[in-house]
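Enquirer: Below are the sequence and a predicted model; questions follow.
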Amino acid sequence: MALLSVKNIGISFGGLRAVDKFSVEIEKNELYGLIGPNGAGKTTVFNMLTGVYKPSDGSIVIDGVDITGKSNIEVNQTGIARTFQNIRLFKEQTVLDNVKIGLHNHYKYSTIDGVFRTPRYKRVEREMDERAMELLKVFDLDGEAEVLSANLPYGKQRKLEIARALATEPKLLLLDEPAAGMNPKETGELMETIRFLRDEFDMTILLIEHDMKLVGGICERLTVLNFGEVLAAGETSEVLNNPEVIKAYIGE
Amino acid sequence: MSFIMYLINGISLGSVYAIIALGYTMVYGIAKMLNFAHGDVIMIGSYISFVTFSQMGLGPVPAVVISIVVCTALGMIIERVAYKPLRKAVSPLAVLITAIGVSYLLQNVALLVFGANPVSYVSMIAVPPLKLAGGELTITGITVITIVLCLVIMGVLMVFIKKTKAGQAMLAVSEDKDAAQLMGVNVNGTIALTFAIGSGLAAIAGILLCSAYPTLTPYTGAMPGIKAFTAAVFGGIGSIPGALVGGILLGVIEILGRAYISSQLSDAIVFAVLIIVLLVKPTGILGKPIFEKV
Amino acid sequence: MKSKKLKNKITTFLIVIAAYVIVEIFLLTGNVSSLLQGLLVPLCTYSLCAVGLNLCVGYLGELSLGHAGFMCIGAFTGAFFSVTTADIIQNDGVRFLLALIIGTGCAALFGFLIAIPVLRLNGDYLAIVTLAFGEIIKNVINVLYVGKDSNGWHVSINSQAELGLEPGGVTYINGAQGITGTPHSSNFTIGVILVLVALFVVYNLTDSRTGRAIMSIRDNQIAAESVGINVKKYKLLGFTVSTAIAGAAGVLYAHNLSTLTALPKNFGYNMSIMILVFVVLGGIGSFRGSVVAACILTLLPELLRGLSDYRMLIYAIVLIAMMLFNWAPDAIFFREQIMARIKKPKREV
């Protein structure tokens, strides 16, 4: 059975059908790409998958659990984590604390423990620090753990967002334009990191991307969205050579 | 009959709130700030009209004009000196606190100049009362003038915003300051104009308020100011018709609550209704819903 | 960073304790005017309230203009408990401690109840609802009459006469005249201890799992939800703790006065705003700043007393000038330039 199974979801904004009859099946440990021209509805699909928007019809099932219409908090707790196109870090907090907030639901002690600095507080905090540093190391951010996240350069902010999402221990990771604003060298490193996540963390990843080199380089399968509808889906090489897809991207 | 009487009094008080609320709502819509000193501009306007009319013996027209001119100038000076430097401050609270400082300043200047003792304000509106329903219903001249004036001001202001270039500039700035700047709108000038209009209206509101409730102290403006701000939120802050609806509803609720429920609890009733409205419709009666793009 | 936070915390504690010791020495040597002595407990009250509000404004990121209302609840429930049990509980300390728990608890309860519906609102709307709530509290307490006679308790919201007490019955809350005869159980030492306890709670709370969750909501609510933070729970928790501290401040305040009334001056929106001024001027998010600002700004008008009529005027001007100096981007740029110029020669040496 597929890890993520989306059937015919759709949503309208004030009479405009933003996304219609979107379906996708993603297998465990797959690297899947969602591409399409600007305004095609890719981020809207992400927002529906993560519970930010409620789809008006269709169903979303992750690992056997129906999450259609669930809030974004519940969706995260069920196993989907995401990054945002317009980076959303906890800017006033350090890099380390950003990741520790991601760990919130997996390393627990009560508010009372926190106020009175009980042994439990000390133990769990230490465990959190260790785990967070491990994750930061993956993204080569461990040297900047104590830096205020707002002060990181752009590319590192994108990486930190992925690290934070990963901290919530998701089954499926959604990346919204992870390479936006990165130079070719950074993009190359990012590709390596994404592959590493899939292999070492056993992660399933769905990503939106405009950088065709990245998409062609790491995605195994693709879905192309155009005007809110699926234009094509299948193996990466097939989809990218599909005349319909080329037409949608380049125009006639 | 007494119910209709209360209703009319409520509309009249509400009209004053509406005129004050305009000052809050326009400034909030355009500068995105809560001008806490607005109520004190009202108080200053009332003192100016009191001095010019009752003490210097000028006629009503020059008294009103001088009061409006002084308040307009005051509003623009406050904006330029105290608020403009903080427009790009990191925290929006900075300008709020400064506005509170300006409020204290105006109150204490008034305290030094006019003293703490209340003065009896002499109404300059000499319009005969209106007798309706065969003399059973008497509506005072000031009530009639207040309601009419409020409607006229609303009408003029809405036409001004729809039809004039300056009005359109206001809309543009309230929508998106940076985009308006790029389109060649004089943002600073537009904000200054908004403060000028709001403060000029505050002078009129002060005269109407003190004509109906003739005790004037340095703190006279504070409570009506807060209530008018509440009215602006009630109607949907940033919306001019919202200020009218919110103001009048607030006035009516206050007067009816005082008459039929409890005279001492009227403020509590007003604020309780406000809370309920905001819980049901979080952006006020005529407010636009806010979306955050994800 | 960990050690920096700890250092910051310890420094604040040391400052408060040092200030306490200095004041106590002056008190012992008789060098403090009676006017200043009368201000010592209010100083602690305002410091407490400012610390509580800073938790709400600086860490939860929500503007409350009703903290005086929560202080009012704490003051009246605490004082009510103390006057009604003055005969039963003889020990002053025990009674005050119980009053403190009750007052803090009641303020927290009201904070919790109001927060459930209200925290759905954003920014300025929340501010206006809390302002309205504070005014309602003040208004209701002013028309509340509570008395007791051999038939039990009587409550009215109209007049003392309506209570219909038998001869010998006692009126505990007398409408606008409030509560009289609250035992003088609080003093400067208790005030300082409460400030220290509050600081201990807020410092440790903000530097914990709970605190990080609260701050994540402030920084970016959608991102907080996306990593599974229970936003509603932590907003409620942050706001409730904040109002509880305001309630404790109220209890302290009430037990320093023989007559407790709910006036616009002490529990109206003006007081809420005053506390907000402490928070903003002391630095949003800095608990130490809140305490220092509360003390300086409470003492300032008294120190200016020699200027009689002009003191509040000067206070207002100082407030505006400080805000412009601290927050205006032009002023900050100007300051940085000056600092750079001062620092440069040193480097050459």
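Expert: It's in.

Enquirer: what's the closest non-adjacent residue to C:Ser185?
Expert: Residue nearest to C:Ser185 in three dimensions, not counting chain neighbours: C:Phe96, with 3.8 Å by Cβ to Cβ, 6 or more residues apart in numbering or on different chains. Bear in mind the C-beta positions are built from the backbone N, C-alpha and C, glycine included.

Enquirer: ok, now B:Gly225?
Expert: Per Cβ to Cβ, 6+ apart, closest to B:Gly225 is B:Gly39, 1.8 Å.

Enquirer: Near that neighbour, how many other residues are there?
Expert: Look at B:Gly39: counted by other Cβ atoms under 10 Å in any protein chain shown, it has 28 neighbours.

Enquirer: Then C:Asn220?
Expert: 17.

Enquirer: got it, and A:Asn72?
Expert: So A:Asn72, with other Cβ under 10 Å, has 23 neighbours.

Enquirer: In contact with it, which residues?
Expert: By Cβ atoms under 8 Å, 6 or more residues apart in numbering or on different chains, the contact list for A:Asn72 reads A:Thr50, A:Gly51, A:Val52, C:Ile222, C:Glu225, C:Ser226.

Enquirer: Do you have the helices of the chain handy? List them.
Expert: No chain was given, so I picked chain A. A:42-49, A:72-78, A:95-102, A:111-116, A:119-138, A:154-167, A:184-200, A:212-218, A:236-241, A:243-250 (DSSP state H).

Enquirer: looking at chain C here, not the other one
Expert: C:2-28, C:34-54, C:67-85, C:92-118, C:123-142, C:188-206, C:209-219, C:221-226, C:231-254, C:264-267, C:269-282, C:287-303, C:311-327, C:329-348.

Enquirer: Do any residues in the third one lie close to chain B?
Expert: When you say that, I think you mean helix C:67-85. No - contact of helix C:67-85 with chain B (Cβ under 8 Å from any Cβ of the partner chain) is absent, the minimum separation being 10.5 Å.

Enquirer: count of neighbours near the residue in chain A that chain B sits nearest to?
Expert: Of all residues in chain A, A:Val52 sits closest to chain B, at 5.0 Å by Cβ to the nearest Cβ. Applying other Cβ under 10 Å, we find 20 residues neighbouring A:Val52.

Enquirer: which residues touch residue 160?
Expert: Going with chain A. A:Leu160 neighbours (Cβ under 8 Å, 6+ apart): A:Leu89, A:Val95, A:Asn98, A:Val99, A:Phe139, A:Leu141, A:Ser149, A:Leu152.

Enquirer: Oops, wrong one, chain C.
Expert: Taking Cβ under 8 Å, 6+ apart, one finds C:Tyr145, C:Gly147, C:Thr171, C:Asn174, C:Gly175 in contact with C:Gln160.

Enquirer: hmm, back to that, the residue nearest to C:Ser185 and C:Ile190 touch, don't they?
Expert: Yes - between C:Phe96 and C:Ile190 there is a contact under Cβ atoms under 8 Å: 7.3 Å.

Enquirer: Between these two, which has more neighbouring residues?
Expert: C:Phe96 (23 against 19).

Enquirer: show me the residues around the more buried one that make contact.
Expert: C:Ser82, C:Pro183, C:Ser185, C:Ser186, C:Ile190, C:Val251, C:His255.

Enquirer: which bits of the stretch 51-200 of chain A sit near chain B?
Expert: A:Val52, A:Phe84.

Enquirer: Now the terminal residues of stretch B:27-46, how far apart.
Expert: 21 Å (Cα to Cα, to the nearest Å).

Enquirer: Run the chain-centre distance for that stretch.
Expert: Centroid separation for stretch B:27-46 versus its chain: 8 Å, with Cα atoms, centre = their mean, to the nearest Å.
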